[in-house]
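Engineer: Below are the sequence and a predicted model; questions follow.
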Amino acid sequence: MPGFVKLFSDILQSSIWAEDAETRIVWITLLLLCDADGLARATAPGLSRTSGVSLKKVRESLKLFQAPDPDSRTSGQEGRRIERAEGGYMVLNYLEYRNVRDRDTRRKQWREAQARRRQRLSSPVITGQPPSAHAEAEAEAEAEKNTLVVKDDASAEFDAFLSEWNKAACRALWHVGHPTKKRHSFRARMKDKAWDWRAALKRAEPSEFLAGGGERGWIANLDWFLRPDTVTHILEGQHDNAEKPAAKVDPMAGRLDPGLIDLRAEQYAEAEARGRNIKKLLKTSGLHPLDAKAIMAALPAVRERLRQRKEK
């Protein structure tokens, strides 16, 4: 279905406009191919044919768009503009700009609706139409307006959720999927007043398991997050990282006393004689690095002393 994209004039001040003309053409072509959620269903060869830019230059441009940009005006995703997604490329800040456009559109529609309402109120009731019918028509118009407002609020909330999900997915290395068919699932979850997606995203982001750290290497995705029990499980801590045991702290660590170092070196030399690996023992001992280094330096003399002691 043909569509259009609204370009903001401040693109002229963006870092992308400092690139060469072919790179800018590839960027505008990507924007024109975006659907309502910011997904451009395209490949490098397809972009080359559509934009008239060489395939080599298209690949260079796509690599540039996916790389961090320290000069970008957008702080999120380190200035990255796109991310590979199922079916093409996701423009990461598309929804933020689309929301600005939608807010302007809704304001205009609201002003037009108010003007029509004032006109109806100022017009006399048509002769022969029962007052009750006129009142019923007013009630239906008011109900329709309220319904539109509810739809707008739900749509705006989904857009906010999708934007935050994509940001978290880029940081936590989750899947950035195509979200068009997820609006119904999102609205179903929103009926539960306790469904706090913002708190769940914040808690889930540090999880190593959700980023492929499990045995199967499974990675979090939108389908999983929008299941009925997922947010509850996240907030219950079921996907939190397991607490790692604290390293044992040697009470004598950091005391660089020669006598103490000699004593510990003798202990490790005796353990070595029993078949233990000294380097592994030192690595897990919790000793200060300078102590460990001093012990290793003292070991040759200690070994010789122990050998002479056994010979006696």
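Structural biologist: Yep, that arrived. As the structure is a computational prediction, the values presented were derived from the model and not from experiment.
Engineer: so how far does stretch 193-212 reach from one end to the other?
Structural biologist: End-to-end distance for stretch 193-212, by Cα to Cα, to the nearest Å: 30 Å.
Engineer: starting at the chain centroid, how far to stretch 270-288?
Structural biologist: Computed by Cα atoms, centre = their mean, to the nearest Å, the separation of stretch 270-288 from the middle of its chain amounts to 43 Å.
Engineer: got the buried residues for that stretch?
Structural biologist: For stretch 270-288, burial by neighbour count (16 or more other Cβ atoms under 10 Å) applies to E272, I278, L281, L282, S285, L287, H288. To be clear about C-beta, it is placed using only N, CA and C from the backbone, and glycine gets the same treatment.
Engineer: Equivalent analysis for stretch 193-200, please.
Structural biologist: W195, W197, A200.
Engineer: tell me the domain ranges of the protein?
Structural biologist: 9-92, 135-235, 258-311 (automatic domain parsing).
Engineer: Quick one, which of those gets closest to W110.
Structural biologist: Nearest to W110, of all the domains of the chain, is domain 135-235, at 8.8 Å by Cβ to Cβ.
Engineer: where are the low-confidence patches of the protein?
Structural biologist: 1-6, 74-77, 98-107, 121-154, 173, 177-181, 244-259, 312 (pLDDT under 70).
Engineer: any chance you could map the helices in it?
Structural biologist: With helices called from DSSP state H, the chain shows them at 21-32, 44-51, 55-66, 94-122, 131-172, 183-190, 197-204, 222-225, 230-235, 258-273, 278-283, 289-311.
Engineer: Columns distance to E243 on top of these, output as TSV?
Structural biologist: Formatted as TSV, those follow (distance: least, Cβ to Cβ, whole Å):
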stretch	distance to E243
helix 21-32	44
helix 44-51	45
helix 55-66	35
helix 94-122	36
helix 131-172	20
helix 183-190	30
helix 197-204	15
helix 222-225	24
helix 230-235	17
helix 258-273	30
helix 278-283	21
helix 289-311	25
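Engineer: Among the ones you listed, which comes closest to L7?
Structural biologist: helix 21-32 (7.4 Å).
Engineer: For A297, give its distance to I261.
Structural biologist: 9 Å (Cβ to Cβ, to the nearest Å).
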